[in-house]
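Novice: Just the structure for this:
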Amino acid sequence: MSVSWVMKCPVCQKALAQSQVTAKNTQTPIQVEACSSKCGIWLDSGELTQARGLMQDIPTELRGKIPGMVTDRNCPKCEDRSLLEIKYPRTKSGVKLDPLKVDQCPLCRGIWLDSGEL
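Specialist: Okay, here's the model as predicted:
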């Protein structure tokens, strides 16, 4: 008898399904887990880097310096671990924009992006 483990959306608790997003710079498909209710997507550690053409998910100089607030959302991968809301600084053409709020698991380093954040 095999037991299958299903990752659940941290927002609505429905099962996440495998999906693909296309990397910004390389046009390479990246496997992610998406909510069937379109709440958002889960990216394993490193996948945001691939999807957005970044050098790393959270820049080294910001790690440990970005205040993370504990959310009421659980990590879809670690299940009993609360996600932290990270305010990711952004600029466009040298102009400072409002920070992007992403949810990151402190254990597996995966990232939850609400719909529209990618």
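
Novice: Show me what counts as buried in stretch 11-24.
Specialist: Within stretch 11-24, the residues scored as buried using 16 or more other C-beta atoms under 10 Å are 11, 16, 21. For glycine as for every other residue, the C-beta is placed from the backbone atoms N, C-alpha and C.

Novice: any idea which of those residues is the one closest to Lys92?
Specialist: Using C-beta to C-beta, Val21 comes nearest to Lys92 of the buried residues of stretch 11-24, at 20.7 Å.

Novice: doesn't the closest one fall inside a strand?
Specialist: Yes - looking at Val21 with DSSP: H, G, I helix; E, B strand; the rest coil, it is inside a strand.

Novice: Isn't it up against Pro29?
Specialist: Yes - using C-beta atoms under 8 Å, Val21 is in contact with Pro29, at 7.3 Å.

Novice: Any regions of the protein where pLDDT drops low?
Specialist: 1-4, 23-26, 51-67, 118 (pLDDT under 70).

Novice: Give the full set of residues in contact with the residue nearest in space to the middle of it.
Specialist: Closest residue to the average C-alpha location of the chain: Ile111 at 2.2 Å, with C-alpha atoms, centre = their mean. By C-beta atoms under 8 Å, 6 or more residues apart in numbering, the contact list for Ile111 reads 42-43, 45, 47-48, 57, 102-105.

Novice: Now with 7 Å, please.
Specialist: Applying C-beta atoms under 7 Å, 6 or more residues apart in numbering to Ile111 gives the contacts 43, 48, 57, 102-104.

Novice: One more: Cys78?
Specialist: 105, 107-108.

Novice: Distance to Leu84 added to the buried residues of stretch 11-24, as a markdown table?
Specialist: Converted to a markdown table, the buried residues of stretch 11-24 look like this (distance: C-beta to C-beta, whole Å):
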| residue | distance to Leu84 |
| --- | --- |
| Val11 | 15 |
| Leu16 | 19 |
| Val21 | 23 |
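
Novice: Which of these sits closest to Gly94?
Specialist: Closest to Gly94, out of all of those and judged by C-beta to C-beta, is Val21, at 27.4 Å.
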